[in-house]
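Colleague: structure for the following, please:
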Amino acid sequence: MTASELPVVRFKPKAHQRAQRGHPWIYSNEVEMDAATKALPAGALVQVATGNGEVLDHGWFNPSTLISVRRLETGAVPPGADFFEARLRAAAELRERLFEEPWWRWIHAEADGLPGLIVDRFGDTVVLQANTAGADRALDQIVEAIGRVAPEVTTIVARNDTASRGLEGLAQEVRVLKGSVEGAVRVRENGATYFADPLEGQKTGWFYDHRANRALVRQVAKGQSVLDLYAYAGAFAVQAALGGAERVVSVDRSERALEFAGRAAAANGVDGKIAFQRADCFSVLEAAEPGGFGLVVADPPAFAKSRKDLPQALKGYRKLARLAARAVAPGGFLFIASCSHAVDAAAFQAEVARGVHEAGRRGRIVARGGADRDHPEHPHLPESAYLKSLLFALV
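Modeller: Numbers count the residues shown, from 1 in each chain. Predicted structure coming up:
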């Protein structure tokens, strides 16, 4: 489609300044919502123009959401036929510089120039999530572009079952778009082998964001007795065991998750070091012997799904830190993380520090972490840096 054929979304007078400085989102109160604009379909490709008609950019438009335009950041030139291939290729080249094997987050939404699109690669399998109307409308083009950039990919799965799709007016679904899925897919990370479920696992089946944090845990696990809470598919537990932990107790409420964790332990030859326990993590901590572990890892699911959950979430992180710190032996370590978007880093640290103090413990923060390098951050979206982690050395 040529530029002259594209519909135009216009800013209100002087409302374009924030976008002109580089912000990738344009809000509904910044644009002229006339009858023609409101009638545009969700996910339509549009030109974005200032009040005097100067084309500033192109983007995906949704008349029904707070974020009206997700900018594609192509400037005054509309996206060409090779747009998706170029963005996918650039993202892949970055990951190939950072990692030796093709197990990484390939596309991280706005940061990689494809708003609302998540693509995780597992060797010859790709799992994607189209979380915006624009990405959803372009799904066939995206799949074709993946095939051109990485012809060795034989299977593509759409895990379009996120809550954010509902905000965009999209249905939830899980579909195999290319190839077939025969059980679990293999994951390679930090020299270890794991297994992920692309059809029924959490998110895309795996959490690449903690790769560097798991390497850190491996480093401090040597000679320690380790309690791994919210184990999921065993990533932290296996790394701790490979790092020389004397024993690991790995806890999760999901029997399915622990099955995958057990497979990973066996595949890496550390199943004799790890005991798997299906239980509620808070209950395990409340019953734990004070000072019984040299390292406690607490990586819970998001306590705050939205801003309204924030007060209760902060109390939850404080309680988790208090109980976990109590279980750490003097001279030991506490690794604790939050993936809640609504909880910022300062608030998370404050509540964790308070919890450690309430446990009667003193400590030093020896490392702070976030999502790994395959989860780049758009420089104008600091709020997208959702993952926070702290490593405490306790006395």
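Colleague: what's the average pLDDT for the host helix or strand of residue 85?
Modeller: Under the assignment given by DSSP states H and E, the secondary-structure element containing residue 85 is helix 83-98. Regarding helix 83-98, the rounded mean pLDDT is 98.
Colleague: beyond it, next helix or strand please.
Modeller: Per DSSP H and E, the first helix or strand lying C-terminal to helix 83-98 is strand 103-108.
Colleague: in this structure, mark out all the helices, start to finish.
Modeller: Secondary structure of the chain (DSSP state H): helices located at 17-20, 35-38, 83-98, 133-137, 139-149, 163-167, 211-220, 235-242, 255-267, 281-287, 310-326, 345-358.
Colleague: residue 158 is in contact with residue 139, correct?
Modeller: Yes: look at residue 139 against residue 158 with C-beta atoms under 8 Å: they come within range, at 7.0 Å. Yep, even glycine has a C-beta here, placed from its N, CA and C like the rest.
Colleague: who's more crowded, those two?
Modeller: Remark: of residue 139 and residue 158, residue 158 carries more neighbours, 21 against 17, as counted by other C-beta atoms under 10 Å.
Colleague: quick one: that one and residue 134, what's the gap?
Modeller: 15 Å (C-beta to C-beta, to the nearest Å).
Colleague: got the contact list for the residue nearest to residue 373 when sequence neighbours are not counted?
Modeller: Residue nearest to residue 373 in three dimensions, not counting chain neighbours: residue 98, with 5.0 Å by C-beta to C-beta, 6 or more residues apart in numbering. Taking C-beta atoms under 8 Å, 6 or more residues apart in numbering as the contact definition, residue 98 lies against 104, 373, 374.
Colleague: could you report the pLDDT at the second one?
Modeller: Read it as residue 373. pLDDT, residue 373: 97.
Colleague: what is the burial count for it?
Modeller: Number of residues near residue 373 (other C-beta under 10 Å) recorded here: 15.
Colleague: wait, residue 79 sits on residue 60?
Modeller: No: the pair formed by residue 79 and residue 60 falls short of the contact definition of C-beta under 8 Å, at 10.2 Å.
Colleague: list the residues that contact both of these two?
Modeller: Both residue 79 and residue 60 are contacted by 45, 72, under the criterion C-beta under 8 Å, 6+ apart.
Colleague: which one's more surrounded, the two?
Modeller: When neighbours are counted by other C-beta under 10 Å, residue 79 and residue 60 differ, and residue 60 comes out ahead with 26 against 19.
Colleague: from residue 171, how far out is the residue nearest to that one when sequence neighbours are not counted?
Modeller: Closest residue to residue 60 apart from its sequence neighbours, by C-beta to C-beta, 6+ apart: residue 134 at 2.3 Å. For residue 134, the distance to residue 171 under the criterion C-beta to C-beta works out to 16 Å.
Colleague: compare these two (neighbour count), which wins?
Modeller: Summary of the neighbour comparison: residue 134 and residue 171, criterion other C-beta under 10 Å, with residue 134 having more neighbours (25 against 9).
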